[in-house]
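*Asks:* Okay, sequence plus prediction incoming.
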Amino acid sequence: MIVDLRSDTVTRPTPAMLEAMMTADVGDDVYGEDPAVNALEAEAAARFGKEAAVFTPTGSMANQIGLQLLVRPGEELLCDVKAHVVNFEMGAAAALGGISTRTWAAPGGRIDVGLIEPMINRPNPYVTTTRAIAVENTHNIGGGTVQPIERLRALRELADAYGLALHLDGARIWNAHAATGVPLAEYGRLFDTVSVCLSKGLGAPVGSLLITDAERAERGRVIRKRLGGGMRQVGYLAAAGRYALDHHIERLADDHDRARRLARALEPLGICDASQVETNIVLLRLPGIADLAAAAAEQGVRISVLGPDWGRMLTHLDVDDAGVEHAVKVLGDLIR
């Protein structure tokens with residue numbers, strides 16, 4: 001048995017999703033003529049209470065389009081020190097958008113409005129002007145933590161007071177929605193641009209969306225083309241994303257339950273804290289974790305190594321109850 005817990009990006013299309021892909025009605029998306037893409041964008045925008053969406057091949061591209069729509073070259077974005085947009089997107093904000101960034105410390109990835117406000121630079125001739133704030137929800141390196149909706153509302157009030165825009169890196173916003181019941185439209189109301197991923201917990205093979213208002217979406221398509229993201233008969237992939245929206249959001253609760261079960265079983269071994277598991281990510285703390293990962297892989301259990309003494313496991317569409325039990329047994333035997 002292979003149990004791949006490295007990421008929820010390793011999921012494969014279900015037979016029903018493959019059928020939706022094979023029967024998709026497609027056209028040339030660069031011309032705006034792909035019916036499957038147009039339907040996906042319209043549905044995603046409606047779910048978040050927005051006017052429009054732009055289908056992109058990757059989440060990083062969706063994020064970078066969003067940031068470039070909000071921050072001009074030479075201006076500044078604020079985000080937390082472990083945010084995906086500054087740690088895992090190859091310096092794209094600076095290299096491609098000319099965007100300066102500053103960060104705040106965020107234990108567990110959660111935002112603290114009291115820390116953010118003193119960082120804001122108003123326009124003047126001596127400092128880099130702050131134009132936007134980016135938030136990640138759920139927070140990847142924070143351990144799948146959910147940003148409390150009260151804090152996000154307070155952040156919106158702060159942004160409005162200073163005339164700033166807000167970008168939501170919502171690669172796993174579906175997990176936040178499933179864990180809390182906060183409507184997707186509430187998140188859409190609070191942010192000017194929202195990126196969402198279809199190929200993580202939702203199980204599509206490829207694709208993300210940048211969701212925003214109609215005017216920004218039109219400019220976003222220009223940026224997408226500039227970044228090499230213009231696609232032709234991509235409706236086959238968009239059909240997978242639409243199937244995921246219609247069938248795979250509610251089942252995310254199963255992933256969360258399995259993550260908690262995994263964490264509770266391993267907690268007595270001293271390698272994780274089950275109380276910190278909010279969604280589908282379990283953080284591991286163990287000196288020499290690379291050796292554990294290598295030994296576990298030999299027995300069919302794959303985990304991510306993120307540093308010399310820490311890593312993570314993610315539950316997803318392709319990990320069932322038997323997979324969780326196998327992972328617990330293998331890891332338990334290796335650690336004891």
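*Replies:* Received it, and whenever you're ready, just let me know what you need. Numbers count the residues shown, from 1 in each chain.
*Asks:* Now do the strands in the protein.
*Replies:* 3-4, 52-56, 76-80, 100-104, 130-136, 165-170, 193-197, 208-212, 281-285, 301-302, 304-307, 310-314 (DSSP state E).
*Asks:* can I get these in CSV with mean pLDDT?
*Replies:* Shown next, in CSV, are the strands of the chain (pLDDT from 0 to 100):
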stretch, mean pLDDT
strand 3-4, 98
strand 52-56, 98
strand 76-80, 98
strand 100-104, 97
strand 130-136, 98
strand 165-170, 98
strand 193-197, 98
strand 208-212, 98
strand 281-285, 97
strand 301-302, 98
strand 304-307, 95
strand 310-314, 97
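*Asks:* Can you tell me which of those is nearest to residue 321?
*Replies:* Residue 321 sits nearest to strand 3-4 of all those, at 11.2 Å, using C-beta to C-beta. Using the backbone N, CA and C atoms, a C-beta is placed for each residue, glycine as well.
*Asks:* Output the contacting helices and strands for that closest one.
*Replies:* strand 301-302, helix 321-335 (3 or more C-beta pairs under 8 Å, 6 or more residues apart in numbering; DSSP states H and E).
*Asks:* coming back round to it: please identify which of the strands of the chain is closest to residue 240.
*Replies:* Comparing those by C-beta to C-beta, strand 52-56 comes nearest, at 11.3 Å.
*Asks:* of all the strands of the chain, which lies closest to residue 25?
*Replies:* Per C-beta to C-beta, nearest to residue 25 of the strands of the chain: strand 52-56, 15.1 Å.
*Asks:* Now find how far off-centre that closest one is within its chain.
*Replies:* Mean-position distance between strand 52-56 and its chain equals 15 Å (C-alpha atoms, centre = their mean, to the nearest Å).
*Asks:* which other residues reach it?
*Replies:* For strand 52-56, contacts defined as C-beta atoms under 8 Å, 6 or more residues apart in numbering pick out 29, 37, 40-42, 44-45, 62, 65, 207-214, 216-218, 220-221, 224, 229, 231, 234, 238, 241.
*Asks:* ok, now which ones touch the spatially most central residue of the chain?
*Replies:* Geometric centre of the chain, nearest residue: residue 171, 1.8 Å, by C-alpha atoms, centre = their mean. Neighbouring residues of residue 171 by C-beta under 8 Å, 6+ apart: 59, 84, 136, 140, 195-197, 200, 208.
*Asks:* sorry, back to before: dump the strands of the chain into CSV; add distance to residue 145 and mean neighbour count as well.
*Replies:* Listed next are those as CSV, based on distance: least, C-beta to C-beta, whole Å; neighbours: other C-beta atoms under 10 Å:
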stretch, distance to residue 145, mean neighbour count
strand 3-4, 23, 22
strand 52-56, 25, 27
strand 76-80, 11, 24
strand 100-104, 15, 17
strand 130-136, 9, 25
strand 165-170, 13, 26
strand 193-197, 17, 29
strand 208-212, 21, 29
strand 281-285, 8, 24
strand 301-302, 23, 20
strand 304-307, 15, 14
strand 310-314, 12, 23
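*Asks:* Dump the ones you listed into JSON lines; add distance to residue 70 as well.
*Replies:* Shown next, in JSON lines, are those (distance: least, C-beta to C-beta, whole Å):
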{"stretch": "strand 3-4", "distance to residue 70": "36"}
{"stretch": "strand 52-56", "distance to residue 70": "14"}
{"stretch": "strand 76-80", "distance to residue 70": "8"}
{"stretch": "strand 100-104", "distance to residue 70": "13"}
{"stretch": "strand 130-136", "distance to residue 70": "4"}
{"stretch": "strand 165-170", "distance to residue 70": "4"}
{"stretch": "strand 193-197", "distance to residue 70": "6"}
{"stretch": "strand 208-212", "distance to residue 70": "9"}
{"stretch": "strand 281-285", "distance to residue 70": "27"}
{"stretch": "strand 301-302", "distance to residue 70": "37"}
{"stretch": "strand 304-307", "distance to residue 70": "29"}
{"stretch": "strand 310-314", "distance to residue 70": "29"}
